[in-house]
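Student: Prediction below, plus the sequence it came from.
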Amino acid sequence: MIVLAIICSVMSEVICNAGLVTLLLPIFATLAEDLHINPLLLMVPATITSNFCFMLPVGTPANTIAYEHAHLKISDMALPGFVVKLITMFVTVIMTYALGGAVF
């Protein structure tokens, strides 16, 4: 699950979130069926982590506005964004493991 979360999170920096989820969720559903697990166990964290666009200005319109208004460099956004992305990604995966059995 952590590998799938990393894939979604990294791809979300350069691909539209809705397009990414539309592209990857059918693949994850098929993978879950092949592994004989509930598809939601893979699809929910993938959907959540695909919304973690903290590193690049192209990730979200809010990032672009902050980047232009404050005259930031890419490195000014990338390092703090990477730290936040790691924290949120691992919290999402840990919470999915912790609550997944009860929910799914």
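Tutor: Yep, it's here.

Student: Could you use CA atoms for every contact and neighbour count after this?
Tutor: Will do.

Student: mind checking pLDDT for the residue positioned nearest the centre of the chain?
Tutor: A centroid search over the chain (Cα atoms, centre = their mean) returns residue 49, at 2.2 Å, as the residue closest to the centre. At residue 49, the model reports a pLDDT of 92.

Student: Same question for residue 100.
Tutor: Per the predicted model, pLDDT is 83 at residue 100.

Student: Name the nearest residue to it, ignoring sequence neighbours.
Tutor: Setting aside the residues directly before and after it, residue 100 is nearest to residue 41 in space (Cα to Cα, 6 or more residues apart in numbering), at 6.6 Å.

Student: roughly how far is the one helix or strand that neighbour maps to from the heart of the chain?
Tutor: Using DSSP states H and E, residue 41 sits in helix 40-49. Remark: helix 40-49 is offset 9 Å from the chain centroid, using Cα atoms, centre = their mean, to the nearest Å.

Student: how far is the helix or strand just after it from where the chain is centred?
Tutor: On the C-terminal side of helix 40-49, the nearest following helix or strand under DSSP H and E is helix 61-69. Relative to its parent chain, helix 61-69 has a centroid offset of 20 Å by Cα atoms, centre = their mean.

Student: now do stretch 53-71
Tutor: Distance, centroid of stretch 53-71 to centroid of chain: 17 Å (Cα atoms, centre = their mean).

Student: Now tell me what touches the helix holding residue 41 from outside.
Tutor: The contact list for helix 40-49 (Cα atoms under 8 Å, 6 or more residues apart in numbering) reads 1, 4-6, 8-9, 21, 25, 28-29, 32, 88-89, 92-93, 96, 100, 104.
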